[in-house]
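> take this sequence and fold it.
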Amino acid sequence: IWSGAVRSVSASKRASWISDLAEIRYAERGTRGAETFRTNNRKNWLNCRCRFLNFQLFASLVPRPASLFFMPVFRLSEELIFPDPSWAGADGLLAVGGDLSVERLLLAYRLGIFPWYSHNDPILWWSPDPRCILEPSAVHVSRRLQRTLKQREYRVTVNRAFEQVVKACAQVRLESGDETWLHPEMQIAYRQLHELGYAHSVEVWQTGRLAGGLYGIAMGPFFFGESMFHYETDASKIVMVRFSKYLAEKGFELFDCQVPNPHLMRMGARNIPRREFLRQLEMRFGTDFDSAPEACEPFRVTFPEEI
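Numbers count the residues shown, from 1 in each chain. Predicted structure coming up:
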């Protein structure tokens, strides 16, 4: 999903280009293409340098007269920093590398960044433009779905089967012949966030069986959706409607859908400019972050067992 002529290239191929065609260049704050971020540990400012990749695709890969094609992708080190997410291209790819530690994931979501990559590929970090969001109070319910909701042949619970939901999200995609980004490393990372009270699952049950569900990260007035699945017809729609209604009642401002799909758009999701999405995050979380998980404690959300 590179821009321009190479938009259709697969994620694994892009990762290969990052590995094979990249030249690492260092730059200090104030020079072209670099930024220094400050990490606030209450008293001291940690000035960190972001290393970025400026890699070149040869003319044979780009059907235009120019011999080279340039695109910057930031390379993360072990330091707990991210480049400004507004620097990501329209396709959203911002950085490569780093890890899936609790600290890095919590920082990423507060900045409007999320990991998304294939198994055995480098970790890729994204902040797409536009950003697909759903305002909880604006969820659309079709007439047919209204009839289904009135039948009340289901229960909706929260955090009753987190691991089961995450595994089902991965398995359903594999069974349909699609590739999944929810490989074991990702599942372990989100389970750790769940154990700390930041990642949550929402399940819909029919006759005692798991029929569908979703999971994501809740911080402050935002729910960052990650994935959903269904075994039964309309199960994923039911869980979206019931959960969105609950979020609206509790004052949540938005449900982050990351990227659009027809299912979400029919339910009222819409695209907003990335700058607007980042502005909303900055208003709630600020710009200076302590990287320790306990620093996120004021933003941690609890849910009832059933909604």
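
> what's across from the most centrally placed residue in the chain in the sheet?
In the chain, the centroid-proximal residue (CA atoms, centre = their mean) is residue 114; its distance is 3.6 Å. Taking DSSP bridges as the rule, residue 114 bridges to residue 126.

> got a list of what it touches?
108, 125-127, 224, 226, 258 (CB atoms under 8 Å, 6 or more residues apart in numbering). To be clear about C-beta, it is placed using only N, CA and C from the backbone, and glycine gets the same treatment.

> pLDDT wise, what is it at?
With respect to pLDDT, residue 114 scores 97.

> next one: residue 307
91.

> show me the contacts for it.
With CB under 8 Å, 6+ apart, residue 307 has these contacts: 156-158, 202, 242-243, 246.

> what are the buried residues along stretch 200-220?
For stretch 200-220, the neighbour count (16 or more other CB atoms under 10 Å) marks 200-205, 210-220 as buried.

> pretty sure residue 218 belongs to a strand, no?
Yes. Under DSSP: H, G, I helix; E, B strand; the rest coil, residue 218 falls within a strand.

> so what sits opposite it in the bridge?
Note on residue 218: beta-bridge partners by DSSP bridges are residue 223.

> shouldn't it be in contact with residue 202?
No. Residue 218 lies out of contact with residue 202 (CB atoms under 8 Å); the separation is 10.4 Å.

> so what does whichever strand or helix holds residue 215 touch, helix or strand wise?
Per DSSP states H and E, residue 215 falls inside strand 209-219. In terms of contact count using 3 or more CB pairs under 8 Å, 6 or more residues apart in numbering; DSSP states H and E, strand 209-219 is assigned the packing partners helix 102-111, helix 162-175, strand 199-206, strand 222-230, helix 235-249.

> quick check, residue 303 in a helix?
No. Residue 303: not assigned to a helix; according to three-state DSSP it is coil.

> what's the neighbour count on it?
18 (other CB atoms under 10 Å).

> quick one, phi/psi of the closest residue to it other than its chain neighbours?
Leaving aside its chain neighbours, residue 303 sits nearest to residue 158 (4.2 Å; criterion: CB to CB, 6 or more residues apart in numbering). Here is the backbone geometry of residue 158 (degrees, to the nearest 10): phi -130, psi 130.

> just for the stretch 1-150 of the chain, where's the confidence low?
Scanning the stretch 1-150 of the chain for pLDDT under 70 picks out the ranges 1-71.

> cutoff 90 now
Regions of the stretch 1-150 of the chain meeting the criterion pLDDT under 90 cover residues 1-73, 89-91, 118-120, 143, 146-150.

> mind listing the strands for it?
Assigned strands in the stretch 1-150 of the chain, in chain order: 24-25, 36-40, 45-49, 51-58, 68-76, 93-97, 114-115, 124-126, 131-134 (criterion: DSSP state E, counting those that start in this stretch).

> coming back round to it: out of the contacts of residue 307, the closest to residue 143 would be?
Using CB to CB, residue 242 is the member of these that sits closest to residue 143, with 17.3 Å.

> which residues sit in contact with the nearest residue to the closest one once chain neighbours are set aside?
Leaving aside its sequence neighbours, residue 242 sits nearest to residue 156 (CB to CB, 6+ apart; 4.5 Å). Neighbouring residues of residue 156 by CB under 8 Å, 6+ apart: 202-205, 238-239, 242-243, 306-307.

> can you add distance to residue 135 and give the residues you listed back as CSV?
Converted to CSV, those look like this (distance: CB to CB, whole Å):
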residue, distance to residue 135
202, 18
203, 23
204, 21
205, 27
238, 19
239, 17
242, 16
243, 13
306, 24
307, 18
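
> closest one of these to residue 277?
If you rank the contacts of residue 156 by distance to residue 277 using CB to CB, residue 243 comes first, at 20.0 Å.

> pretty sure the closest one contacts residue 215?
No. Using CB under 8 Å, residue 243 is not in contact with residue 215, being 10.8 Å away.

> list residues touching both of these two?
What both residue 243 and residue 215 touch, as defined by CB under 8 Å, 6+ apart, is the set residue 202.

> closest one to residue 301 out of the contacts of residue 114, please.
Proximity of the contacts of residue 114 to residue 301 (CB to CB) peaks at residue 224, which lies at 11.3 Å.
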